[in-house]
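[1] Attaching a predicted model along with its sequence, questions to come.
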Amino acid sequence: MNIPLPERIRPDSLDDVAGQSHILSEGKALRRIIESGNIPNMIFYGSSGTGKTTVARIAAKKAGKRLHKLNGTTMSIADIRAVAGETETLLGCEGILLYIDEIQYLNKKQQQSLLEYIENGSITLIASTTENPYFYIYNAVLSRSTVFEFKPIETSDIVKVVERGISTLSTEMQIPIDCGESVINIIASSCGGDARKALTAAELCVLSAEICDGRKVITPELAAELTQRSSLRFDRSGDENYDLMSALQKSIRGSDPDAAVYYLARLLESGDIISPCRRLLVIACEDIGLAYPGAIPIVKSCVDTAVQLGLPEARIPLANAAILLATSPKSNTAYVAVDTAIADIKSGLTGEIPRHLQNVHCDGEGNQITGQNYLYPHDYPKGYVKQDYLPESVRGKQYYKYGSNKNEQAAKEYWGLVKKM
(Lines give C-alpha, C1' and ligand atoms only; values in the text may rest on other atoms or scores of the structure.)
Protein backbone atom coordinates (compact mmCIF):
# COMPACT_ATOMS: atom_id res chain seq x y z
CA MET A 1 0.00 0.00 0.00
CA ASN A 2 1.45 3.36 -1.06
CA ILE A 3 1.16 5.60 2.01
CA PRO A 4 1.37 9.33 1.11
CA LEU A 5 4.43 11.22 2.29
CA PRO A 6 2.46 13.51 4.68
CA GLU A 7 1.23 10.41 6.51
CA ARG A 8 4.65 8.75 6.56
CA ILE A 9 6.30 11.68 8.30
CA ARG A 10 3.39 12.83 10.45
CA PRO A 11 4.81 14.32 13.71
CA ASP A 12 4.37 12.31 16.91
CA SER A 13 5.20 15.13 19.34
CA LEU A 14 4.02 18.71 19.76
CA ASP A 15 7.55 20.02 19.26
CA ASP A 16 7.55 18.67 15.70
CA VAL A 17 4.20 20.21 14.70
CA ALA A 18 4.72 23.00 12.17
CA GLY A 19 3.30 26.39 13.09
CA GLN A 20 0.42 26.98 15.56
CA SER A 21 2.75 28.61 18.08
CA HIS A 22 -0.20 30.72 19.30
CA ILE A 23 -1.74 27.59 20.85
CA LEU A 24 1.09 25.01 21.00
CA SER A 25 4.21 26.85 22.16
CA GLU A 26 5.39 26.49 25.76
CA GLY A 27 2.86 27.83 28.24
CA LYS A 28 0.00 28.12 25.72
CA ALA A 29 -3.42 26.75 26.64
CA LEU A 30 -3.77 23.83 24.21
CA ARG A 31 -0.25 22.57 24.91
CA ARG A 32 -0.86 22.62 28.67
CA ILE A 33 -4.14 20.76 28.20
CA ILE A 34 -2.57 18.04 26.07
CA GLU A 35 0.48 17.62 28.30
CA SER A 36 -1.80 17.23 31.33
CA GLY A 37 -3.31 14.11 29.78
CA ASN A 38 -6.77 15.26 30.87
CA ILE A 39 -8.35 15.98 27.50
CA PRO A 40 -11.70 17.84 27.34
CA ASN A 41 -14.07 17.92 24.38
CA MET A 42 -12.56 20.23 21.77
CA ILE A 43 -13.22 21.61 18.30
CA PHE A 44 -10.29 22.39 16.01
CA TYR A 45 -11.13 25.03 13.43
CA GLY A 46 -8.87 25.90 10.50
CA SER A 47 -7.80 25.31 6.92
CA SER A 48 -6.68 21.96 5.58
CA GLY A 49 -3.13 20.86 6.26
CA THR A 50 -2.60 22.94 9.39
CA GLY A 51 -2.12 20.07 11.87
CA LYS A 52 -5.58 19.43 13.29
CA THR A 53 -5.50 15.65 12.84
CA THR A 54 -1.89 15.42 13.98
CA VAL A 55 -2.57 17.28 17.21
CA ALA A 56 -5.65 15.11 17.89
CA ARG A 57 -3.52 11.97 17.55
CA ILE A 58 -0.87 13.33 19.88
CA ALA A 59 -3.58 14.28 22.41
CA ALA A 60 -4.99 10.73 22.35
CA LYS A 61 -1.52 9.29 22.88
CA LYS A 62 -0.78 11.63 25.79
CA ALA A 63 -4.10 10.77 27.43
CA GLY A 64 -3.60 7.03 26.93
CA LYS A 65 -6.94 6.79 25.13
CA ARG A 66 -7.86 4.64 22.16
CA LEU A 67 -8.25 6.83 19.08
CA HIS A 68 -11.13 6.39 16.66
CA LYS A 69 -11.29 8.53 13.54
CA LEU A 70 -14.51 9.12 11.61
CA ASN A 71 -15.26 11.45 8.71
CA GLY A 72 -18.34 13.64 8.76
CA THR A 73 -18.97 13.10 5.04
CA THR A 74 -19.51 9.33 5.39
CA MET A 75 -20.24 8.47 9.04
CA SER A 76 -23.62 7.58 10.51
CA ILE A 77 -25.25 7.39 13.94
CA ALA A 78 -24.56 3.63 13.87
CA ASP A 79 -20.83 4.42 13.63
CA ILE A 80 -21.04 6.57 16.75
CA ARG A 81 -22.86 3.82 18.64
CA ALA A 82 -20.27 1.27 17.53
CA VAL A 83 -17.47 3.44 18.91
CA ALA A 84 -19.37 3.97 22.17
CA GLY A 85 -19.86 0.22 22.45
CA GLU A 86 -16.09 -0.26 22.77
CA THR A 87 -16.11 1.52 26.11
CA GLU A 88 -17.45 -1.73 27.62
CA THR A 89 -14.60 -3.81 26.20
CA LEU A 90 -10.93 -4.20 27.06
CA LEU A 91 -10.02 -2.10 24.03
CA GLY A 92 -11.76 0.93 25.47
CA CYS A 93 -11.18 0.42 29.18
CA GLU A 94 -8.86 3.45 29.34
CA GLY A 95 -11.36 5.63 27.50
CA ILE A 96 -11.93 6.49 23.89
CA LEU A 97 -11.06 9.66 22.01
CA LEU A 98 -13.30 10.08 18.99
CA TYR A 99 -11.90 12.32 16.28
CA ILE A 100 -14.51 13.48 13.77
CA ASP A 101 -13.06 15.17 10.71
CA GLU A 102 -15.29 17.69 8.87
CA ILE A 103 -17.99 17.65 11.55
CA GLN A 104 -19.86 20.42 9.72
CA TYR A 105 -21.24 17.77 7.37
CA LEU A 106 -23.17 16.05 10.17
CA ASN A 107 -26.84 16.96 10.39
CA LYS A 108 -28.49 18.09 13.62
CA LYS A 109 -29.68 14.61 14.59
CA GLN A 110 -26.22 13.13 14.06
CA GLN A 111 -24.57 15.85 16.12
CA GLN A 112 -27.15 15.47 18.88
CA SER A 113 -26.44 11.73 19.04
CA LEU A 114 -22.98 12.62 20.37
CA LEU A 115 -24.35 14.44 23.42
CA GLU A 116 -25.19 11.39 25.51
CA TYR A 117 -21.66 10.02 25.21
CA ILE A 118 -19.70 13.23 25.69
CA GLU A 119 -21.86 14.23 28.68
CA ASN A 120 -21.29 10.97 30.59
CA GLY A 121 -17.60 11.01 29.70
CA SER A 122 -17.54 7.64 27.92
CA ILE A 123 -16.25 9.40 24.81
CA THR A 124 -13.93 12.37 24.55
CA LEU A 125 -14.70 14.28 21.36
CA ILE A 126 -12.24 16.18 19.23
CA ALA A 127 -13.91 17.48 16.08
CA SER A 128 -12.29 19.37 13.24
CA THR A 129 -13.85 21.70 10.71
CA THR A 130 -12.66 23.96 7.93
CA GLU A 131 -15.77 26.13 8.36
CA ASN A 132 -16.63 28.58 11.12
CA PRO A 133 -17.89 26.32 13.95
CA TYR A 134 -20.23 28.99 15.28
CA PHE A 135 -22.16 28.78 12.00
CA TYR A 136 -22.02 25.05 11.27
CA ILE A 137 -21.95 23.25 14.62
CA TYR A 138 -25.04 23.10 16.82
CA ASN A 139 -25.04 25.01 20.09
CA ALA A 140 -25.55 21.89 22.20
CA VAL A 141 -22.22 20.50 20.95
CA LEU A 142 -20.46 23.87 21.01
CA SER A 143 -21.46 24.58 24.62
CA ARG A 144 -19.78 21.35 25.71
CA SER A 145 -16.56 21.96 23.79
CA THR A 146 -13.61 24.33 23.67
CA VAL A 147 -12.78 25.84 20.27
CA PHE A 148 -9.17 26.27 19.11
CA GLU A 149 -8.33 27.97 15.81
CA PHE A 150 -5.53 26.56 13.63
CA LYS A 151 -4.03 29.19 11.33
CA PRO A 152 -2.34 28.71 7.93
CA ILE A 153 1.30 27.79 8.50
CA GLU A 154 3.91 30.47 7.84
CA THR A 155 6.23 29.91 4.88
CA SER A 156 9.29 29.79 7.15
CA ASP A 157 7.77 26.82 9.01
CA ILE A 158 6.69 25.13 5.77
CA VAL A 159 10.33 25.30 4.56
CA LYS A 160 11.36 23.03 7.44
CA VAL A 161 8.56 20.60 6.62
CA VAL A 162 9.60 20.43 2.95
CA GLU A 163 13.26 19.91 3.87
CA ARG A 164 12.29 17.05 6.16
CA GLY A 165 10.10 15.52 3.47
CA ILE A 166 12.82 15.63 0.80
CA SER A 167 15.34 14.17 3.25
CA THR A 168 12.95 11.31 3.98
CA LEU A 169 12.40 10.65 0.28
CA SER A 170 16.16 10.62 -0.32
CA THR A 171 16.60 7.99 2.40
CA GLU A 172 13.69 5.87 1.19
CA MET A 173 14.75 5.96 -2.47
CA GLN A 174 18.42 5.58 -1.58
CA ILE A 175 19.45 8.32 -3.97
CA PRO A 176 20.76 11.84 -3.32
CA ILE A 177 18.31 14.62 -4.16
CA ASP A 178 19.75 17.85 -5.48
CA CYS A 179 17.48 20.83 -4.89
CA GLY A 180 18.60 24.32 -4.04
CA GLU A 181 17.14 26.79 -1.58
CA SER A 182 15.14 28.39 -4.36
CA VAL A 183 13.31 25.12 -5.04
CA ILE A 184 12.42 24.70 -1.37
CA ASN A 185 11.13 28.28 -1.25
CA ILE A 186 9.02 27.83 -4.39
CA ILE A 187 7.32 24.76 -2.95
CA ALA A 188 6.88 26.32 0.50
CA SER A 189 5.47 29.60 -0.76
CA SER A 190 3.08 27.97 -3.22
CA CYS A 191 1.08 25.83 -0.82
CA GLY A 192 -1.07 28.49 0.84
CA GLY A 193 0.01 27.55 4.37
CA ASP A 194 -0.98 23.88 3.86
CA ALA A 195 1.79 21.49 5.01
CA ARG A 196 0.06 18.48 3.43
CA LYS A 197 -0.09 20.23 0.07
CA ALA A 198 3.58 21.23 0.34
CA LEU A 199 4.70 17.67 1.06
CA THR A 200 2.58 16.31 -1.77
CA ALA A 201 4.18 18.83 -4.15
CA ALA A 202 7.64 17.95 -2.87
CA GLU A 203 7.04 14.24 -3.46
CA LEU A 204 5.73 14.94 -6.95
CA CYS A 205 8.84 17.02 -7.73
CA VAL A 206 11.11 14.20 -6.58
CA LEU A 207 9.25 11.53 -8.54
CA SER A 208 9.31 13.57 -11.75
CA ALA A 209 12.89 14.84 -11.44
CA GLU A 210 15.51 13.62 -13.89
CA ILE A 211 18.50 11.60 -12.72
CA CYS A 212 21.87 13.17 -13.50
CA ASP A 213 25.18 11.66 -12.36
CA GLY A 214 23.39 9.41 -9.90
CA ARG A 215 21.38 12.23 -8.33
CA LYS A 216 17.75 13.36 -8.61
CA VAL A 217 17.89 16.99 -9.76
CA ILE A 218 14.91 19.27 -9.07
CA THR A 219 15.11 22.54 -10.99
CA PRO A 220 13.26 25.75 -10.06
CA GLU A 221 11.40 25.49 -13.38
CA LEU A 222 10.11 22.02 -12.51
CA ALA A 223 9.07 23.13 -9.01
CA ALA A 224 7.25 26.16 -10.42
CA GLU A 225 5.47 24.02 -13.03
CA LEU A 226 4.24 21.46 -10.50
CA THR A 227 3.15 23.97 -7.86
CA GLN A 228 1.46 26.62 -10.04
CA ARG A 229 -1.89 27.89 -8.68
CA SER A 230 -1.60 25.54 -5.69
CA SER A 231 -1.47 28.46 -3.25
CA LEU A 232 -5.08 29.37 -4.02
CA ARG A 233 -7.40 28.38 -1.19
CA PHE A 234 -10.91 28.77 -2.44
CA ASP A 235 -14.34 27.34 -1.83
CA ARG A 236 -17.23 29.26 -3.32
CA SER A 237 -19.57 28.09 -0.57
CA GLY A 238 -17.05 28.40 2.25
CA ASP A 239 -15.52 31.02 4.51
CA GLU A 240 -12.66 31.84 2.11
CA ASN A 241 -15.09 33.10 -0.52
CA TYR A 242 -16.83 35.41 1.95
CA ASP A 243 -13.50 36.54 3.41
CA LEU A 244 -12.22 37.52 -0.04
CA MET A 245 -15.36 39.46 -0.91
CA SER A 246 -15.31 41.14 2.50
CA ALA A 247 -11.66 42.11 2.00
CA LEU A 248 -12.46 43.46 -1.47
CA GLN A 249 -15.27 45.67 -0.19
CA LYS A 250 -13.37 46.90 2.85
CA SER A 251 -10.33 47.74 0.73
CA ILE A 252 -12.47 49.79 -1.66
CA ARG A 253 -14.30 51.42 1.25
CA GLY A 254 -10.88 52.26 2.70
CA SER A 255 -9.85 53.87 -0.63
CA ASP A 256 -6.94 51.45 -1.23
CA PRO A 257 -6.86 50.67 -4.99
CA ASP A 258 -3.86 48.32 -4.64
CA ALA A 259 -5.58 46.07 -2.11
CA ALA A 260 -8.81 46.25 -4.12
CA VAL A 261 -7.07 44.95 -7.27
CA TYR A 262 -5.26 42.27 -5.26
CA TYR A 263 -8.42 40.76 -3.77
CA LEU A 264 -10.24 41.09 -7.08
CA ALA A 265 -7.39 39.15 -8.71
CA ARG A 266 -7.65 36.38 -6.13
CA LEU A 267 -11.35 35.99 -6.81
CA LEU A 268 -10.81 35.96 -10.56
CA GLU A 269 -7.89 33.52 -10.38
CA SER A 270 -10.20 31.07 -8.64
CA GLY A 271 -12.40 31.16 -11.72
CA ASP A 272 -15.19 33.11 -10.04
CA ILE A 273 -16.67 36.00 -11.99
CA ILE A 274 -20.20 36.27 -10.60
CA SER A 275 -19.23 37.05 -6.99
CA PRO A 276 -16.97 40.03 -7.76
CA CYS A 277 -19.49 41.40 -10.29
CA ARG A 278 -22.30 41.37 -7.73
CA ARG A 279 -20.09 42.73 -4.97
CA LEU A 280 -18.79 45.64 -7.08
CA LEU A 281 -22.38 46.67 -7.85
CA VAL A 282 -23.20 46.56 -4.14
CA ILE A 283 -20.14 48.66 -3.31
CA ALA A 284 -21.05 51.29 -5.91
CA CYS A 285 -24.43 51.77 -4.24
CA GLU A 286 -23.48 51.21 -0.59
CA ASP A 287 -20.07 52.85 -0.20
CA ILE A 288 -19.81 55.43 -2.97
CA GLY A 289 -23.49 56.18 -3.28
CA LEU A 290 -24.53 59.83 -3.45
CA ALA A 291 -20.96 61.11 -3.25
CA TYR A 292 -20.57 60.06 -6.89
CA PRO A 293 -23.86 58.66 -8.25
CA GLY A 294 -22.31 58.39 -11.72
CA ALA A 295 -20.21 55.46 -10.46
CA ILE A 296 -23.26 53.19 -10.40
CA PRO A 297 -24.00 53.16 -14.16
CA ILE A 298 -20.27 53.05 -14.92
CA VAL A 299 -19.78 49.96 -12.74
CA LYS A 300 -22.91 48.40 -14.23
CA SER A 301 -21.41 48.91 -17.69
CA CYS A 302 -18.11 47.34 -16.57
CA VAL A 303 -19.93 44.35 -15.09
CA ASP A 304 -22.04 43.83 -18.23
CA THR A 305 -18.89 44.00 -20.35
CA ALA A 306 -17.09 41.50 -18.10
CA VAL A 307 -19.95 39.01 -18.24
CA GLN A 308 -20.11 39.31 -22.02
CA LEU A 309 -16.35 38.86 -22.41
CA GLY A 310 -15.83 36.11 -19.85
CA LEU A 311 -12.47 35.27 -18.31
CA PRO A 312 -9.65 36.07 -18.77
CA GLU A 313 -10.57 39.34 -20.52
CA ALA A 314 -13.23 40.11 -17.90
CA ARG A 315 -10.43 41.05 -15.52
CA ILE A 316 -9.89 44.33 -17.43
CA PRO A 317 -13.32 46.01 -17.05
CA LEU A 318 -13.61 44.68 -13.49
CA ALA A 319 -10.22 46.17 -12.61
CA ASN A 320 -11.43 49.49 -14.03
CA ALA A 321 -14.50 49.29 -11.80
CA ALA A 322 -12.56 48.35 -8.67
CA ILE A 323 -10.01 51.15 -9.09
CA LEU A 324 -12.70 53.71 -9.92
CA LEU A 325 -14.63 52.82 -6.77
CA ALA A 326 -11.53 52.78 -4.56
CA THR A 327 -10.49 56.26 -5.72
CA SER A 328 -14.00 57.77 -5.64
CA PRO A 329 -15.38 59.90 -2.77
CA LYS A 330 -17.37 57.82 -0.30
CA SER A 331 -20.87 58.12 1.14
CA ASN A 332 -23.12 55.58 2.84
CA THR A 333 -25.92 58.03 3.64
CA ALA A 334 -28.49 56.31 1.40
CA TYR A 335 -27.56 52.90 2.83
CA VAL A 336 -27.95 54.17 6.41
CA ALA A 337 -31.19 55.98 5.56
CA VAL A 338 -33.00 52.95 4.13
CA ASP A 339 -31.76 50.62 6.88
CA THR A 340 -32.99 53.05 9.55
CA ALA A 341 -36.37 53.22 7.85
CA ILE A 342 -36.55 49.41 7.62
CA ALA A 343 -35.75 49.14 11.33
CA ASP A 344 -38.64 51.50 12.16
CA ILE A 345 -41.04 49.54 9.95
CA LYS A 346 -40.01 46.24 11.56
CA SER A 347 -40.63 47.75 14.99
CA GLY A 348 -44.22 48.55 14.00
CA LEU A 349 -43.93 52.22 13.02
CA THR A 350 -46.04 51.98 9.88
CA GLY A 351 -49.19 54.11 10.23
CA GLU A 352 -51.70 55.18 7.63
CA ILE A 353 -50.47 56.88 4.49
CA PRO A 354 -51.57 60.57 4.58
CA ARG A 355 -54.76 61.10 2.59
CA HIS A 356 -53.26 63.60 0.23
CA LEU A 357 -50.70 60.98 -0.88
CA GLN A 358 -53.21 58.19 -1.40
CA ASN A 359 -54.44 57.09 -4.81
CA VAL A 360 -57.88 58.63 -4.19
CA HIS A 361 -60.14 59.09 -7.18
CA CYS A 362 -63.41 59.81 -5.38
CA ASP A 363 -64.67 60.46 -1.87
CA GLY A 364 -66.67 57.71 -0.23
CA GLU A 365 -70.15 58.46 1.04
CA GLY A 366 -70.07 59.95 4.51
CA ASN A 367 -66.41 61.08 4.37
CA GLN A 368 -65.97 64.13 6.56
CA ILE A 369 -62.95 65.26 4.55
CA THR A 370 -63.57 65.71 0.86
CA GLY A 371 -61.01 66.20 -1.84
CA GLN A 372 -57.51 64.79 -1.82
CA ASN A 373 -55.94 68.19 -1.11
CA TYR A 374 -52.61 67.17 -2.65
CA LEU A 375 -50.31 70.10 -3.51
CA TYR A 376 -48.63 69.50 -6.88
CA PRO A 377 -45.00 70.70 -6.41
CA HIS A 378 -44.52 71.57 -10.10
CA ASP A 379 -47.15 74.28 -9.73
CA TYR A 380 -44.90 76.15 -7.28
CA PRO A 381 -41.65 78.10 -7.68
CA LYS A 382 -38.54 75.88 -7.90
CA GLY A 383 -40.83 72.81 -7.92
CA TYR A 384 -41.27 72.76 -4.14
CA VAL A 385 -44.11 73.30 -1.68
CA LYS A 386 -44.15 72.39 1.99
CA GLN A 387 -46.48 69.53 2.96
CA ASP A 388 -46.32 66.42 5.13
CA TYR A 389 -45.32 63.14 3.48
CA LEU A 390 -44.68 60.76 6.36
CA PRO A 391 -47.37 58.88 8.34
CA GLU A 392 -48.30 60.40 11.70
CA SER A 393 -46.39 57.65 13.57
CA VAL A 394 -43.03 58.77 12.16
CA ARG A 395 -43.72 62.39 11.29
CA GLY A 396 -40.66 64.53 11.80
CA LYS A 397 -38.21 61.59 11.59
CA GLN A 398 -35.02 62.24 9.65
CA TYR A 399 -33.76 59.15 7.90
CA TYR A 400 -31.44 60.80 5.41
CA LYS A 401 -28.63 63.05 6.58
CA TYR A 402 -26.48 64.83 4.01
CA GLY A 403 -22.94 63.52 3.74
CA SER A 404 -19.89 65.75 3.99
CA ASN A 405 -18.84 65.15 0.37
CA LYS A 406 -19.02 67.88 -2.28
CA ASN A 407 -21.98 66.41 -4.18
CA GLU A 408 -24.29 66.01 -1.18
CA GLN A 409 -23.26 69.34 0.32
CA ALA A 410 -24.20 71.05 -2.96
CA ALA A 411 -27.62 69.38 -2.82
CA LYS A 412 -28.00 70.43 0.82
CA GLU A 413 -27.16 74.03 0.00
CA TYR A 414 -29.57 74.09 -2.95
CA TRP A 415 -32.54 72.69 -1.05
CA GLY A 416 -31.73 74.84 1.96
CA LEU A 417 -32.13 77.95 -0.19
CA VAL A 418 -35.29 76.66 -1.93
CA LYS A 419 -37.04 75.64 1.27
CA LYS A 420 -36.36 79.03 2.88
CA MET A 421 -38.11 80.87 0.07
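    Structure received. Keep in mind that what you see is a predicted model, and the values were worked out from it rather than measured.
[2] Next, count neighbours for Phe150.
    25 (other C-beta atoms under 10 Å). Where C-beta positions appear, they are placed from N, C-alpha and C, glycine not excepted.
[3] got the contact list for the residue nearest to it when sequence neighbours are not counted?
    Distance criterion C-beta to C-beta, 6 or more residues apart in numbering; nearest residue to Phe150, sequence neighbours excluded, is Gly46 at 3.0 Å. Gly46 is in contact with Lys52, Ser128, Thr130, Glu149, Phe150, Lys151, Pro152, counting by C-beta atoms under 8 Å, 6 or more residues apart in numbering.
[4] Show me where the stretch 1-150 of the chain has its helices.
    5-8, 21-24, 29-36, 52-63, 77-85, 108-112, 115-119, 133-136, 139-142 (DSSP state H, counting those that start in this stretch).
[5] Mean neighbour count, distance to Leu325 and mean pLDDT for the ones you listed - can I get that in JSON lines?
    Listed next are those as JSON lines, based on neighbours: other C-beta atoms under 10 Å; distance: least, C-beta to C-beta, whole Å; pLDDT from 0 to 100:
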{"stretch": "helix 5-8", "mean neighbour count": "17", "distance to Leu325": "42", "mean pLDDT": "89"}
{"stretch": "helix 21-24", "mean neighbour count": "17", "distance to Leu325": "35", "mean pLDDT": "91"}
{"stretch": "helix 29-36", "mean neighbour count": "16", "distance to Leu325": "42", "mean pLDDT": "92"}
{"stretch": "helix 52-63", "mean neighbour count": "21", "distance to Leu325": "38", "mean pLDDT": "90"}
{"stretch": "helix 77-85", "mean neighbour count": "16", "distance to Leu325": "50", "mean pLDDT": "86"}
{"stretch": "helix 108-112", "mean neighbour count": "15", "distance to Leu325": "41", "mean pLDDT": "86"}
{"stretch": "helix 115-119", "mean neighbour count": "15", "distance to Leu325": "48", "mean pLDDT": "84"}
{"stretch": "helix 133-136", "mean neighbour count": "15", "distance to Leu325": "29", "mean pLDDT": "82"}
{"stretch": "helix 139-142", "mean neighbour count": "15", "distance to Leu325": "38", "mean pLDDT": "87"}
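[6] Could you dump the ones you listed into TSV with distance to Ile323 added?
    Listed next are the helices of the stretch 1-150 of the chain as TSV, based on distance: least, C-beta to C-beta, whole Å:
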stretch	distance to Ile323
helix 5-8	41
helix 21-24	36
helix 29-36	43
helix 52-63	39
helix 77-85	52
helix 108-112	45
helix 115-119	52
helix 133-136	33
helix 139-142	42
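[7] ok, so what distance separates Cys179 from Leu290?
    58 Å (C-beta to C-beta, to the nearest Å).
[8] So for the two, which sits in the more crowded spot?
    Using other C-beta under 10 Å, the more surrounded residue of Cys179 and Leu290 is Cys179, with 25 against 20.
[9] residues touching the closest residue to that one other than its chain neighbours, list them.
    Distances taken as C-beta to C-beta, 6+ apart place Ile218 nearest to Cys179, at 4.0 Å, with adjacent residues excluded. By C-beta under 8 Å, 6+ apart, the contact list for Ile218 reads Ile177, Asp178, Cys179, Val183, Cys205, Val206, Ala209.
[10] rerun that using 10 Å as the cut-off
    Ile218 is in contact with 166, 177-180, 183-184, 186-187, 202, 205-206, 208-210, 226, counting by C-beta atoms under 10 Å, 6 or more residues apart in numbering.
[11] before we move on, what about Asp339?
    Asn332, Tyr399.
[12] got it, and Thr200?
    Thr200 touches Pro4, Leu5, Pro6, Gly49, Gly165, Ile187, Cys191, Asp194, Leu226, Thr227, Ser230, counting by C-beta under 10 Å, 6+ apart.
[13] pull the longest helix from the protein.
    As assigned by DSSP state H, the longest helix anywhere in the chain is helix 155-173.
[14] Counting by contacts, list what the helix or strand following that helix packs against.
    Beyond helix 155-173 in the direction of the C-terminus, DSSP states H and E gives the next helix or strand as strand 177-178. Here strand 177-178 touches helix 155-173, helix 195-208, strand 215-217, going by 3 or more C-beta pairs under 10 Å, 6 or more residues apart in numbering; DSSP states H and E.
[15] Quick one: mean pLDDT for strand 177-178?
    For strand 177-178, the mean per-residue pLDDT is 88.
[16] quick revisit: show me the contacts of Gly46 that map onto strands.
    Using DSSP state E, Ser128, Glu149, Phe150 are the members of the contacts of Gly46 that sit in strands.
[17] Bridge partners for the first one, pull those for me.
    So the one you mean is Ser128. Counting by DSSP bridges, Ser128 is bridged to Phe44.
[18] Can you report how many residues neighbour it?
    Ser128 has 25 nearby residues by other C-beta under 10 Å.
[19] Please apply the same query to the second one.
    By the other C-beta under 10 Å criterion, the neighbourhood of Glu149 contains 14 residues.
[20] contacting residues around it?
    Gln20, His22, Ile23, Ile43, Phe44, Tyr45, Gly46, Thr50, Asn132, Pro133.
[21] contacting residues around Pro381?
    By C-beta under 10 Å, 6+ apart, Pro381 lies in contact with Val418, Met421.
[22] cool, and Ile118?
    Ile118 neighbours (C-beta under 10 Å, 6+ apart): Pro40, Asn41, Leu98, Thr124, Leu125, Ala140, Val141, Arg144, Ser145.
[23] Leaving out the residues flanking it, which one is nearest to Ser47?
    Pro152 (5.5 Å).
[24] For the one you found, what are phi and psi?
    phi -50, psi 140 (degrees, to the nearest 10).
[25] That one against Thr50, yeah?
    Yes: here Pro152 reaches Thr50: they are 6.3 Å apart, a contact under C-beta atoms under 10 Å.
[26] of these two, who's got more company?
    Thr50 (26 against 18).
[27] can you tell me how far that one sits from Arg57?
    14 Å.
[28] Likewise for Ile177?
    28 Å.
[29] And Ile103, by the same measure?
    The gap separating Ile103 from Arg57 is 17 Å, by C-beta to C-beta.
[30] for Leu281, same thing?
    According to C-beta to C-beta, Leu281 and Arg57 sit 47 Å apart.
[31] Same question for Ala319.
    From Ala319 to Arg57 the distance is 46 Å (C-beta to C-beta).
[32] go on, Val162?
    Distance from Val162 to Arg57, counting by C-beta to C-beta: 21 Å.
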